[in-house]
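A.B. asks: just need the structure, nothing else, for what follows:
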Amino acid sequence: QMQLVESGGGLVQAGGSLRLSCAASGRTFSTYTMAWFRQAPGKERDVIAAISWSGGFTYYVDSVKGRFTISRDNAKNTVTLQMNSLKPEDTAVYYCAAALMYWRSAPGPREADFGSWGQGTQVTVSS
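C.D. replies: Next comes the predicted model:
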């Protein structure tokens with residue numbers, strides 16, 4: 001299990017940007033696939049971006065392609081999600097998650113395969 005702590009959420013106007021960060025504990029961060037999920041009110045929690053343990057593979061859900069970028073720094077045990085051109089429909093609680101040496105291409109990583117989760121950070125995009 002990894003301990004994950006998200007930061008960087010907040011309120012932003014449509015068209016703006018936010019950068020989410022996730023700090024992970026443990027010395028084996030470089031063996032974990034990291035992902036960002038989000039859950040809007042009344043909806044299920046869905047994966048939006050993921051990056052493999054080496055950073056060699058990334059996944060994005062169609063709705064964020066071209067707007068969001070996931071990256072990781074294995075030396076600092078961090079994963080970030082740069083969110084640009086934000087839309088009101090991006091409003092949700094965003095969660096960081098980790099899965100040991102896991103990768104699943106299309107249709108993308110599954111929530112059930114991630115064993116470590118952060119507490120979530122709220123992102124609100126006003127119109």
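A.B. asks: I'd guessed Ala14 sits against Thr91; true?
C.D. replies: No. Between Ala14 and Thr91 there is no contact under Cβ atoms under 8 Å: 10.0 Å. Glycine gets a C-beta too; all of them are placed from N, C-alpha and C.
A.B. asks: give me the common contacts of the two.
C.D. replies: Val125 (Cβ atoms under 8 Å, 6 or more residues apart in numbering).
A.B. asks: neighbour count: the two, which is higher?
C.D. replies: Neighbours were counted for Ala14 and for Thr91 using other Cβ atoms under 10 Å; Thr91 has more, 18 against 13.
A.B. asks: enumerate every residue touching the more buried one.
C.D. replies: Contacts of Thr91 by Cβ under 8 Å, 6+ apart are 40, 123-125.
A.B. asks: which one of the residues you listed is nearest to Ser54?
C.D. replies: Nearest to Ser54 out of the contacts of Thr91 is Val123 (Cβ to Cβ; 27.5 Å).
A.B. asks: who's that closest one bridged to?
C.D. replies: Gly10, Ala92 (DSSP bridges).
A.B. asks: try Gln39
C.D. replies: Arg45, Val93.
A.B. asks: isn't it up against Asp46?
C.D. replies: Yes. Using Cβ under 8 Å, Gln39 makes contact with Asp46 at a distance of 7.4 Å.
A.B. asks: give me the nearest residue to Thr69, chain neighbours excluded.
C.D. replies: Gln82 (4.5 Å; Cβ to Cβ, 6 or more residues apart in numbering).
A.B. asks: my guess is the one you found is in a helix, correct?
C.D. replies: No. Under DSSP: H, G, I helix; E, B strand; the rest coil, Gln82 sits outside any helix and is assigned strand.
A.B. asks: can you give me the strands in the protein?
C.D. replies: Assigned by DSSP state E, the chain shows strands spanning 4-7, 10-13, 18-24, 32-39, 45-51, 58-60, 68-73, 78-83, 92-100, 116-117, 121-126.
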